[in-house]
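K.L.:
What shape does this take:
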Amino acid sequence: MTTNNEDFSNFGIAPNILEILKKLNFTEPTPIQRQAILPGIEKKDIVGIAQTGTGKTLAFGIPLIQHALQGAKMALVVVPTRELAIQVCESINAIGTKLGVKTATVIGGEDMYRQVRSLHAHPQIVIGTPGRIIDHLERKNISFTDLVAVVLDEADRMLDMGFAPQIQKIFAAMPEERQTMLFSATMPERIVEITKRYMRLPIRVEIAPSGTMAEKISQELFFVEKSDKMRLLEKILGEYHGSILVFSRTKFGAKKIAASVRALGITSTELHSNRSLSQRKNSLEGFKKGIYRVLIATDIAARGIDVKGIELVLNYDLPQSPEDYVHRIGRTGRMGGVGHAISFATPDQRRDVREIEKLVRSAIPLSRLPNLPPARIVPHTTGSSRRPFHPRNQKTFRRHWGK
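P.N.:
The predicted structure is shown next:
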């Protein structure tokens, strides 16, 4: 049984990896890392259940790197989104590149030829999204003949996004003798089915029950009319001065909110599926570096963002599922840090709020609506016209901004 004050030296990690971890200031393993690294290195199948922001990437990344150094020819990491693939690759490369471990990322929206070249360089660890992995399989750009390990990261999210047929196709192309590691924040019945079908006597590592929130994230709820949401957002943006992640339910909503925030003179950017991969990368990098103080995103970012020091996560719209609430607000308070989450709900969404509270097993503190600033006229951001809306054009104003 491990204790909470141990370092990484007790998990069978090779000395050269330990040296790099020390240089990167990874001194104390997180709970999921304490329980998953050693069985991962021992090539056992693992089902890891832990809320977002707990260090799951290194929990499987360190064993994969060590296997590669011991001669393993190939491991595959399957993730639901492009952003998460890039994040996982960066985390693994931070350790593996210094040791000569080669990786490749295969995701949609990137040049296929560049990915083919990286695959032909015989990477030991391939990180990809299900659709693009299958594209390369069908074109015979990749083979699983030498595959020794596969990781399903954010498995519940992949199933929510409809990737079950692709996951089945990927497993059908793999050798039966392999290590399988599955990591997820929740444990629905569909995940149980995967463990029964594709895993051999997996070790279950559960850090907290599904729906458990990170301890240091405080929560706050406002009931507000839809037409007053932007005014409330303006009020809150004036009270917080750090980096803020705002979630919209739709990509059109994200675009509209971003335009409104920019009209306030606050640097902001968008992250949603209508943006190209390069635009999404630039938005994330700009947010990480502080070029943009506010990032407005759809749920594409609920599990694909790992940015340190996000002061506030704001749910401008409640998510479609209670589970996504947990993932959204987990973008703040990362790795045991302090964070705060604010949610806007319209009066007709009381049932949605109750469903979230049922999942997280606690009531979200309700705050009184403050005095709101006067409504602003926001510049028109769609179509060919660049002129701002004029109050006299009430019909157009209402159609675009819901006033």
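
K.L.:
okay, CA-based contacts and neighbour counts for the rest of this
P.N.:
Noted.

K.L.:
E19: how many residues sit nearby?
P.N.:
The number of residues packed around E19, counting by other CA atoms under 10 Å, is 13.

K.L.:
other SSEs contacting the helix or strand that contains it?
P.N.:
In this structure, E19 sits in helix 15-23 according to DSSP states H and E. In terms of contacts (3 or more CA pairs under 8 Å, 6 or more residues apart in numbering; DSSP states H and E), helix 15-23 is packed against helix 82-96.

K.L.:
Show me what the helix it packs on is in contact with.
P.N.:
Contacts of helix 82-96 from elsewhere in the structure, counted by CA atoms under 8 Å, 6 or more residues apart in numbering, are 17, 20-21, 57-58, 61-62, 65, 79, 101-105, 107-108, 127-129, 281, 301, 303-306.

K.L.:
just the CA coordinates of that helix, formatted as PDB?
P.N.:
Extracted as PDB, the C-alpha positions of helix 82-96 are listed here (Å, rounded to 0.1, in the frame of the first residue of the first chain):
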ATOM      1  CA  ARG A  82      -7.800  16.400 -32.000                       C
ATOM      2  CA  GLU A  83      -7.000  18.700 -29.200                       C
ATOM      3  CA  LEU A  84      -6.600  15.900 -26.700                       C
ATOM      4  CA  ALA A  85      -4.400  14.000 -29.200                       C
ATOM      5  CA  ILE A  86      -2.100  17.000 -29.400                       C
ATOM      6  CA  GLN A  87      -2.100  17.400 -25.600                       C
ATOM      7  CA  VAL A  88      -1.300  13.700 -25.000                       C
ATOM      8  CA  CYS A  89       1.500  13.800 -27.600                       C
ATOM      9  CA  GLU A  90       3.100  16.900 -25.900                       C
ATOM     10  CA  SER A  91       3.000  15.200 -22.500                       C
ATOM     11  CA  ILE A  92       4.600  12.000 -23.800                       C
ATOM     12  CA  ASN A  93       7.200  13.900 -25.800                       C
ATOM     13  CA  ALA A  94       8.200  16.000 -22.800                       C
ATOM     14  CA  ILE A  95       9.800  12.800 -21.400                       C
ATOM     15  CA  GLY A  96      10.200  10.500 -24.400                       C
END
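
K.L.:
tell me the angle of that helix relative to helix 15-23?
P.N.:
110 degrees (axes from the mean of the first three to the mean of the last three CA atoms, to 10 degrees).

K.L.:
tell me how far helix 82-96 is from the chain's mean position?
P.N.:
A distance of 12 Å separates the centroid of the chain from that of helix 82-96, by CA atoms, centre = their mean, to the nearest Å.

K.L.:
Following element in sequence after it, please.
P.N.:
Next helix or strand after helix 82-96 toward the C-terminus (DSSP H and E): strand 103-106.

K.L.:
Quick check: neighbours of that next one in the sheet, parallel or antiparallel?
P.N.:
The sheet places strand 103-106 alongside strand 125-128 (parallel), with pairing taken from DSSP bridges.

K.L.:
what about the chain, any weak spots by pLDDT?
P.N.:
Under the criterion pLDDT under 70, the flagged ranges of the chain are 1-5, 51-53, 208-215, 301-306, 333-337, 377-403.

K.L.:
Give the other helices and strands that the helix or strand that contains R350 contacts.
P.N.:
Element membership for R350 (DSSP H and E) is helix 350-360. Using 3+ CA pairs under 8 Å, 6+ apart, the elements in contact with helix 350-360 are helix 322-329.

K.L.:
For the helix it packs on, which residues meet the burial criterion?
P.N.:
Buried residues in helix 322-329, counted by 16 or more other CA atoms under 10 Å: P322, E323, D324, Y325, V326, H327, R328, I329.

K.L.:
if we can go back for a sec, so what's the gap between the helix holding E19 and the chain middle?
P.N.:
Computed by CA atoms, centre = their mean, the chain-centroid distance of helix 15-23 equals 26 Å.

K.L.:
With stretch 359-367 instead?
P.N.:
On CA atoms, centre = their mean, the centre of stretch 359-367 falls 23 Å from that of its chain.

K.L.:
end to end, how far does that stretch reach?
P.N.:
From its first residue to its last, stretch 359-367 covers 20 Å (CA to CA, to the nearest Å).

K.L.:
Which helix or which strand is home to G48?
P.N.:
Per DSSP H and E: strand 46-49 holds G48.

K.L.:
tell me what the next helix or strand after that strand is packed against?
P.N.:
Once the chain leaves strand 46-49, the next helix or strand it forms, by DSSP H and E, is helix 56-69. With contacts taken as 3+ CA pairs under 8 Å, 6+ apart, helix 56-69 sits against helix 31-41, helix 82-96.

K.L.:
For PyMOL, write the select line for the buried members of the contacts of helix 82-96.
P.N.:
Selecting only the buried entries of the contacts of helix 82-96 in PyMOL, with 16+ other CA under 10 Å as the criterion:
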select buried, resi 17+20+21+57+58+61+62+65+79+101+102+103+104+105+107+108+127+128+129+281+301+303+304+305+306
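
K.L.:
Helices along the stretch 201-350 of the chain, start to end?
P.N.:
229-239, 251-263, 277-289, 322-329, 350-360 (DSSP state H, counting those that start in this stretch).

K.L.:
Check which helices and strands the second one sits against.
P.N.:
Secondary-structure packing of helix 251-263 (3+ CA pairs under 8 Å, 6+ apart): helix 229-239, strand 268-271, strand 294-297.

K.L.:
Quick check: bridge partners of V313?
P.N.:
Counting by DSSP bridges, V313 forms beta bridges with L245, A341.

K.L.:
Might one say that it is in contact with G242?
P.N.:
No - when contacts are counted by CA atoms under 8 Å, V313 is not listed as touching G242 (10.9 Å).

K.L.:
okay, stretch 220-233 in CSV with CA atoms only?
P.N.:
What follows is the C-alpha trace of stretch 220-233 in CSV, where atoms were taken according to Å, rounded to 0.1, in the frame of the first residue of the first chain:
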residue,chain,number,x,y,z
GLU,A,220,-21.7,29.0,-8.2
LEU,A,221,-25.0,29.2,-10.0
PHE,A,222,-27.1,32.1,-11.4
PHE,A,223,-30.6,31.8,-12.7
VAL,A,224,-30.8,34.4,-15.5
GLU,A,225,-33.1,35.1,-18.4
LYS,A,226,-31.5,34.2,-21.8
SER,A,227,-31.6,37.9,-22.9
ASP,A,228,-29.6,38.9,-19.8
LYS,A,229,-26.8,36.4,-20.1
MET,A,230,-24.4,38.7,-22.0
ARG,A,231,-24.9,41.4,-19.4
LEU,A,232,-24.2,39.0,-16.6
LEU,A,233,-21.1,37.8,-18.4
